[in-house]
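*Asks:* here is the input, now give the coordinates:
(chains A and B)
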Amino acid sequence: DARVTQTPRDKVTEMGQEVTMRCQPILGHNTVFWYRQTMMQGLELLAYFRNRAPLDDSGMPKDRFSAEMPDATLATLKIQPSEPRDSAVYFCASGLGGGGADGYTFGSGTRLTVV
Amino acid sequence: ILNVEQSPQSLHVQEGDSTNFTCSFPSSNFYALHWYRWETAKSPEALFVMTLNGDEKKKGRISATLNTKEGYSYLYIKGSQPEDSATYLCAFTVATYNTDKLIFGTGTRLQVFP
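*Replies:* Numbers count the residues shown, from 1 in each chain, chains lettered A, B, ... in the order given. Prediction:
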């Protein structure tokens, strides 16, 4: 089965450090999302890309978060500097654009703990 | 503000019971409605994607219906089993250039007791 690969699986870091999370979408998928799992809001959309171009990052705190797709096989989400309130599980998902007729496939997530 | 409401927030049923949950979404500019199943410590898994008013989809004991005019979708589970225990998320997209943008509800947490 094709899968979305996220690394690292778990990350513990100290406040103020830079954190980079990586996502390898399914080959051929042209739409990539970054979501954050929160207690209050469930899945919070941070950013998404279509054909590597950022289409919406309105949900992302711009001062410390950045998302990029340097190529079609890699999406990154960076936090600099990290803060304890960033502690959450971050999911990447990919699919075919146009509303996702087959749904989107999620990765296993990166559990981030900022101490 | 685009909002997806799901109810109930949580549900506890006995094995063998049938159950259903509701997803409400803005009906204007509707494009697609997704249902996902999310088990604890795993990642969300796509169940259904529906686009047309009146759509009905089925996968085993789970089925879903869609009413785009009034802005709601129902998810039904017939004869619930303990392995159905999970959070069920719905999400919708709007008919703008951002047709991929999935807006999720907060989910219905289902617990099925043996």
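*Asks:* let me know the distance separating A:R3 from chain B.
*Replies:* For A:R3, the distance to chain B equals 9 Å [Cβ to the nearest Cβ, to the nearest Å]. C-betas here are computed from N, CA, C, even on glycine.
*Asks:* pLDDT averaged over stretch A:38-45 - what is it?
*Replies:* Mean pLDDT, computed over stretch A:38-45, is 79.
*Asks:* quick check: end-to-end length of it?
*Replies:* End-to-end distance of stretch A:38-45: 11 Å, with Cα to Cα, to the nearest Å as the criterion.
*Asks:* for B:E45, which non-adjacent residue is closest in space?
*Replies:* Spatial nearest neighbour of B:E45, excluding adjacent residues (Cβ to Cβ, 6 or more residues apart in numbering or on different chains): B:R37 at 5.1 Å.
*Asks:* how many neighbours does the residue in chain B that chain A sits nearest to have?
*Replies:* Of all residues in chain B, B:A46 sits closest to chain A, at 2.7 Å by Cβ to the nearest Cβ. Look at B:A46: counted by other Cβ atoms under 10 Å in any protein chain shown, it has 18 neighbours.
*Asks:* surely it is in contact with A:G103?
*Replies:* Yes - between B:A46 and A:G103 there is a contact under Cβ atoms under 8 Å: 2.7 Å.
*Asks:* mutual contacts of these two, please.
*Replies:* By Cβ atoms under 8 Å, 6 or more residues apart in numbering or on different chains, B:A46 and A:G103 have these common neighbours: B:34, B:36.
*Asks:* pull the distance from the helix or strand of chain B with the lowest mean pLDDT to the chain's centre.
*Replies:* Every helix and strand of chain B was ranked by mean pLDDT, DSSP states H and E. The lowest is strand B:103-104, at a mean of 88. Strand B:103-104 has its C-alpha centroid displaced from the chain centroid by 11 Å (Cα atoms, centre = their mean, to the nearest Å).
*Asks:* same check, this time on stretch B:71-85
*Replies:* That offset, for stretch B:71-85, works out to 9 Å (Cα atoms, centre = their mean).
*Asks:* from the contact counts, what lies against the least confident helix or strand of chain B?
*Replies:* Where contact means 3 or more Cβ pairs under 8 Å, 6 or more residues apart in numbering or on different chains; DSSP states H and E, strand B:103-104 is packed against strand A:42-50, strand B:86-94.
*Asks:* quick check: bridge partners of the residue nearest to B:E45?
*Replies:* B:E45, B:Y88 (DSSP bridges).
*Asks:* quick one: it from A:P8, how far?
*Replies:* Here B:R37 is placed at a distance of 25 Å from A:P8 (Cβ to Cβ, to the nearest Å).
*Asks:* more neighbours: which of those two?
*Replies:* For B:R37 versus A:P8, the count of surrounding residues by other Cβ under 10 Å is larger for B:R37: 20 against 13.
*Asks:* do you know how far that one is from B:T87?
*Replies:* 8 Å.
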